[in-house]
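*Asks:* sequence and predicted structure, then a few things I'm wondering about:
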Amino acid sequence: MKKRRVLLGMSGGVDSSVAGYLLREQGCDVVGVTMKVWPQDCISRAEDKCCGPQAVADARGVAHALGFPHYVVDEADQFEQAVINYFASEYQAGRTPNPCVMCNEKLKFGSLWQKAEALGCDYVATGHYAIIEHRDDRAVLRKGVDPRKDQSYFLFSLRQEQLQRALTPLGTMSKPEIREIARSLGLKVADKIDSQEICFVPGNDYKTFLRSHLGESEFHRGEIYDVDGNFLGEHEGIELFTIGQRKGLPGGSPRPRYVVDLDAETNRVIVGDAEDLITKEFEVDRVNWIANVEAAVPSRRANAREDTRPYTSEIEAVVKIRYSHPGTPATLTPFNGGRARIRLHEPQKAVTPGQAAVFYRNDVVLGGEWICRTEPVWRSETLGQKPALTPA
């Protein structure tokens, strides 16, 4: 029987290293690949990141120790276009980006597949904590068994053709188990600290990174208002704010103030109290279905026709509105054009445009979509008595 030939994306960390060992033990013919994604303007600041030179050295050492070949591929241009430029443009549009999702879709399970084909590989594997089940006609994406490490949220945008040729051997394991395997193998990366930051943003200081990448002249300066329309001050760039933020706001309020909305059209930052962050409904677009939704989540409409397509009926599921969110029951009502309205059964705090809303049924990922900016409640006609947003 022919061995499965697998291209393994190696970051130089313990997860992808142990993934290589597990694949080898399963009888796979493993080829290790590390993507060089650091552009010249951040290479000196990324020595300890998964996109830095040290990562290449660590990955190469592991591959040598485990007895399979290792290559480095230059994806710097693609990474800058698909991830870094996206990251910056989302902040300029008043949204909070999720670069890990984009990197997975466009590079790790996107352009890397071209390298896999060139090397005669049948699959692309990574060290993600998620489970991908391969069935006759489709792949099923499930949560990893370790709830503290589950990364299925970051894979929601993968299409069926990507999932069907993807392997995630760590999904059924916990982090302590992974480290113990690495120690037993004598791998130098066994106790390597996990990065908790965006790989191309040193110190997790995205504001400094944006200033360097965009330049001060590209920042969109504007004004700060409260939800009642009172002018509070000026700001140096809408790019410097995210929904739920407290720092960097004008003082003088008896209660804490939070950023509750960002209007990129007028460059206005709107602030309010904690209760102004509470949302019960919001809209999403660019919906990507992974599971057979019609089979997994039948319509709750009693009179739904048997031939109703899954994205034309209401869907009940659990939605995560950010990676760290525990998930909450919700109803998704699809519109035309890949959009949908999400009604949360329990209102949630800081629903943030630009982040992903990912739907689950038990541990199965049904699909996901991107949270849109919609008309805030304090601008609706029902609150027409609110003063206009003009300087006091």
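*Replies:* Received, thanks. Residues are numbered from 1 along each chain as shown.
*Asks:* quick one: secondary structure of Trp370?
*Replies:* What DSSP: H, G, I helix; E, B strand; the rest coil gives for Trp370 is strand.
*Asks:* neighbours of the residue nearest to it when sequence neighbours are not counted, how many?
*Replies:* Nearest non-adjacent residue to Trp370, counting by CB to CB, 6 or more residues apart in numbering: Arg286, 5.2 Å away. Where C-beta positions appear, they are placed from N, C-alpha and C, glycine not excepted. Applying other CB atoms under 10 Å, we find 13 residues neighbouring Arg286.
*Asks:* tell me which helix or strand Arg286 sits in.
*Replies:* Applying DSSP states H and E as the criterion places Arg286 in strand 278-289.
*Asks:* parallel or antiparallel, which strands does that strand pair with?
*Replies:* Sheet pairing of strand 278-289 (DSSP bridges) gives strand 340-349 (antiparallel), strand 364-371 (antiparallel).
*Asks:* which residues does it contact?
*Replies:* When contacts are defined by CB atoms under 8 Å, 6 or more residues apart in numbering, strand 278-289 is touched by residues 156-159, 310-311, 334, 337-344, 347-351, 357, 366-372, 374.
*Asks:* hmm, try it at 6 Å
*Replies:* Under the criterion CB atoms under 6 Å, 6 or more residues apart in numbering, residues 157, 338-344, 347, 349, 351, 357, 367-372, 374 lie in contact with strand 278-289.
*Asks:* list the buried residues of stretch 347-359.
*Replies:* 348, 350-359 (16 or more other CB atoms under 10 Å).
*Asks:* tell me the pLDDT of the residue nearest to Gly367 when sequence neighbours are not counted.
*Replies:* Closest residue to Gly367 apart from its sequence neighbours, by CB to CB, 6+ apart: Trp289 at 4.0 Å. For Trp289, the pLDDT comes out at 91.
*Asks:* and the one 10 residues further on, by the same measure?
*Replies:* Ser299 is assigned 39 on the pLDDT scale.
*Asks:* and Gly338, by the same measure?
*Replies:* For Gly338, pLDDT reads 79.
*Asks:* how many residues are close by it?
*Replies:* Residues lying near Gly338 (other CB under 10 Å) number 14.
*Asks:* quick revisit: closest one of the buried residues of stretch 347-359 to Val318?
*Replies:* Nearest to Val318, judged by CB to CB, of the buried residues of stretch 347-359 is Phe359 at 7.1 Å.
*Asks:* how near is the closest one to Asp137?
*Replies:* In this view, Phe359 and Asp137 are 21 Å apart by CB to CB, to the nearest Å.
*Asks:* also Gln196?
*Replies:* The value you get for Gln196 to Asp137, if CB to CB is used, is 38 Å.
*Asks:* same deal with Asn85?
*Replies:* Note on Asn85: its distance to Asp137, by CB to CB, is 36 Å.
*Asks:* the two: who's more crowded?
*Replies:* Counted by other CB under 10 Å, Asn85 and Asp137 do not tie: Asn85 has more neighbours, with 12 against 7.
*Asks:* follow-up on the earlier one: Leu167: which of the strands paired with strand 278-289 is closest?
*Replies:* strand 364-371 (16.3 Å).
*Asks:* put the alpha carbons of the closest one into CSV.
*Replies:* Extracted in CSV, the C-alpha atoms of strand 364-371 (Å, rounded to 0.1, in the frame of the first residue of the first chain):
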residue,chain,number,x,y,z
VAL,A,364,-18.7,20.2,14.9
VAL,A,365,-17.9,23.5,13.1
LEU,A,366,-20.9,24.2,10.9
GLY,A,367,-19.3,27.3,9.4
GLY,A,368,-18.4,30.9,10.1
GLU,A,369,-18.7,34.4,8.8
TRP,A,370,-17.3,37.9,9.4
ILE,A,371,-19.0,40.3,11.7
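*Asks:* touching that strand from outside, list them.
*Replies:* Strand 364-371 has contacts (CB under 6 Å, 6+ apart) with 141-142, 152, 156, 284-291, 293, 317, 353, 355-359.
*Asks:* is it true that Val189 touches Arg60?
*Replies:* No - the criterion here is CB atoms under 6 Å, and Val189 misses it with Arg60 at 11.4 Å.
*Asks:* more neighbours, these two?
*Replies:* Each of Val189 and Arg60 has its neighbours counted (other CB under 10 Å); Val189 has more, 22 against 18.
*Asks:* and the more buried one, what is it in contact with?
*Replies:* Counting by CB under 6 Å, 6+ apart, Val189 has contacts 14, 17, 58.
*Asks:* give me the phi and psi for the closest residue in space to the second one that isn't next to it in sequence.
*Replies:* Once flanking residues are discounted, Ser17 sits nearest to Val62: 4.3 Å by CB to CB, 6+ apart. Here is the backbone geometry of Val62 (degrees, to the nearest 10): phi -70, psi -50.
*Asks:* distance of Val62 from Leu107?
*Replies:* Distance from Val62 to Leu107, by CB to CB: 20 Å.
*Asks:* next: Leu277.
*Replies:* From Leu277 over to Leu107 the distance is 33 Å, taken as CB to CB.
*Asks:* repeat for Val6
*Replies:* To Leu107, Val6 is 17 Å away according to CB to CB.
*Asks:* repeat that for Phe241.
*Replies:* Phe241 is 28 Å from Leu107, by CB to CB.
*Asks:* in what element of secondary structure is the residue nearest the centre of the chain found?
*Replies:* The geometric centre of the chain, computed from its C-alpha atoms, lies nearest to Val101 (CA atoms, centre = their mean), at 3.5 Å. For Val101, the enclosing helix or strand under DSSP H and E is helix 99-103.
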